[in-house]
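Student: Structure for the following, please:
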Amino acid sequence: MSIQSKLQALQITLPPLAIPAAAYVPFVQTGNLIFVSGHIAKKDGKPWVGQLGTNMNTAEGQLAARAIAIDLMGTLQAATLDLARIKRIVKVMSLVNSSPTFTEHHLVTNGCSKLLSDIFGDAGKHARSAFGVVQLPFGSCVEIELIAELN
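Tutor: Residues are numbered from 1 along each chain as shown. Got it, this is the predicted structure:
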């Protein structure tokens, strides 16, 4: 099944390239690698505000991370013009806005990782880091960046 068919089966429509909120570009390609800048979680087109362990639970965080995966794929689509050019998702780095006692950053990030694997198959399985942080831009609950390799 093609990547586009998988997206359609999951009723996922990729968003257009997001306009950066500060002094950076959405992605940089060097050689056959694409570095995608951090994307914050959005809900209904606005920052998905919250802090895991304070006013959000792990399941809500997973949904936010999944939403970010969709936005990241939208950026990859804009960068490559064809997601079939993605050879592999190399690495994902996740920042989770969390209370000092929250310890499920890795489970929150699974929301992104699982969708990337569902869409890209084995090529979507990646190295990963997940960190807890005190705050994120706009009070967003999660921010994720990734590195992808092109064919």
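Student: Strands along this protein, start to end?
Tutor: Counting by DSSP state E, the segments of the chain that form strands are 27-30, 33-40, 42-43, 46-47, 86-97, 127-133, 142-150.
Student: Export those as CSV, with columns for distance to residue 108.
Tutor: For every residue, glycine as well, the C-beta is placed using N, CA and C. Putting the strands of the chain into CSV (distance: least, Cβ to Cβ, whole Å) gives the following:
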stretch, distance to residue 108
strand 27-30, 23
strand 33-40, 14
strand 42-43, 15
strand 46-47, 16
strand 86-97, 5
strand 127-133, 7
strand 142-150, 6
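Student: For the chain, list the residue farthest from the centre, please.
Tutor: Within the chain, the residue lying farthest from the chain centre (Cα atoms, centre = their mean) is residue 101, at 23.8 Å.
Student: Now do the contacts for that one.
Tutor: The contact partners of residue 101, taken as Cβ atoms under 8 Å, 6 or more residues apart in numbering, are residue 53.
Student: Residue 61 versus that one, what's the distance?
Tutor: Separation of residue 101 from residue 61 (Cβ to Cβ, to the nearest Å): 15 Å.
Student: Residue 102: what's its closest spatial neighbour, skipping adjacent residues?
Tutor: Beyond its immediate neighbours in the sequence, the residue positioned closest to residue 102 (Cβ to Cβ, 6 or more residues apart in numbering) is residue 53, lying 3.0 Å away.
Student: so what pLDDT did residue 10 get?
Tutor: Residue 10 is assigned a pLDDT of 96 by the prediction.
Student: since we're on the closest residue to it other than its chain neighbours, how many residues are nearby?
Tutor: Leaving out its chain neighbours, the residue that sits closest to residue 10 by Cβ to Cβ, 6+ apart is residue 118, at 7.2 Å. Applying other Cβ atoms under 10 Å, we find 16 residues neighbouring residue 118.
Student: Equivalent analysis for residue 71, please.
Tutor: Applying other Cβ under 10 Å, we find 20 other residues in the vicinity of residue 71.
Student: Summarise which helices and strands the longest helix along the chain is packed against.
Tutor: Taking DSSP state H as the assignment, the helix of the chain that covers the most residues is helix 58-80. In terms of contact count using 3 or more Cβ pairs under 8 Å, 6 or more residues apart in numbering; DSSP states H and E, helix 58-80 is assigned the packing partners strand 27-30, strand 33-40, strand 42-43, strand 86-97, helix 105-120, strand 142-150.
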